[in-house]
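Q: generate coordinates for the sequence data below:
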Amino acid sequence: MRSIGSTLIAIWLIIGLVACFQRDYFSGNDADCGSLGTILVTVAAGPLNYVGVNPKVDDCEVPQPSE
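A: Numbering: from 1, shown residues only. Next up, the predicted model:
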């Protein structure tokens with residue numbers, strides 16, 4: 001039972017990763033917080049990407065280090 005769950009989760013995440021490649025999320029040089037967030041939520045959405053879910057993170061704020 002445990003191996004079936006692990007296998008299903010792995011397949012779910014692989015499908016999300018394939019969606020990222022199809023949307024060319026890895027082709028640009030934009031290494032900002034929004035791009036990384038979009039990639040992570042797209043991978044997490046998995047097969048839902050193919051039924052109309054298009055998760056995006058437009059911008060995010062990273063806390064600045066204190067001086």
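Q: got the residue ranges for the helices in the chain?
A: Counting by DSSP state H, the chain has helices at residues 2-22, 33-45.
Q: would CSV of those with mean pLDDT be doable?
A: Formatted as CSV, the helices of the chain follow (pLDDT from 0 to 100):
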stretch, mean pLDDT
helix 2-22, 93
helix 33-45, 89
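Q: where's Leu48 relative to Gly5, distance?
A: 18 Å (C-beta to C-beta, to the nearest Å). (C-beta placed from N, C-alpha, C; glycine too.)
Q: when those two are compared, which one has more neighbours?
A: Between Leu48 and Gly5, counted using other C-beta atoms under 10 Å, the more crowded position is Leu48 (16 against 9).
Q: phi and psi next, for Val57.
A: Per-residue torsions, Val57: phi -110, psi 110 (degrees, to the nearest 10).
Q: how about the nearest residue to it, chain neighbours excluded?
A: Gly37 (3.1 Å; C-beta to C-beta, 6 or more residues apart in numbering).
Q: any idea how far the one you found is from Lys56?
A: From Gly37 across to Lys56, the span is 8 Å (C-beta to C-beta).
Q: do Leu40 as well
A: Leu40 is 11 Å from Lys56, by C-beta to C-beta.
Q: so for the two, which sits in the more crowded spot?
A: Higher neighbour count among Leu40 and Lys56: Leu40, with 14 against 10, using other C-beta under 10 Å.
Q: in stretch 7-21, what's buried?
A: Going by neighbour count (16 or more other C-beta atoms under 10 Å), the buried part of stretch 7-21 is Trp12, Ile15, Gly16, Leu17, Ala19, Cys20.
Q: relative to Tyr25, how far out is the fourth one?
A: For Leu17, the distance to Tyr25 (C-beta to C-beta) stands at 10 Å.
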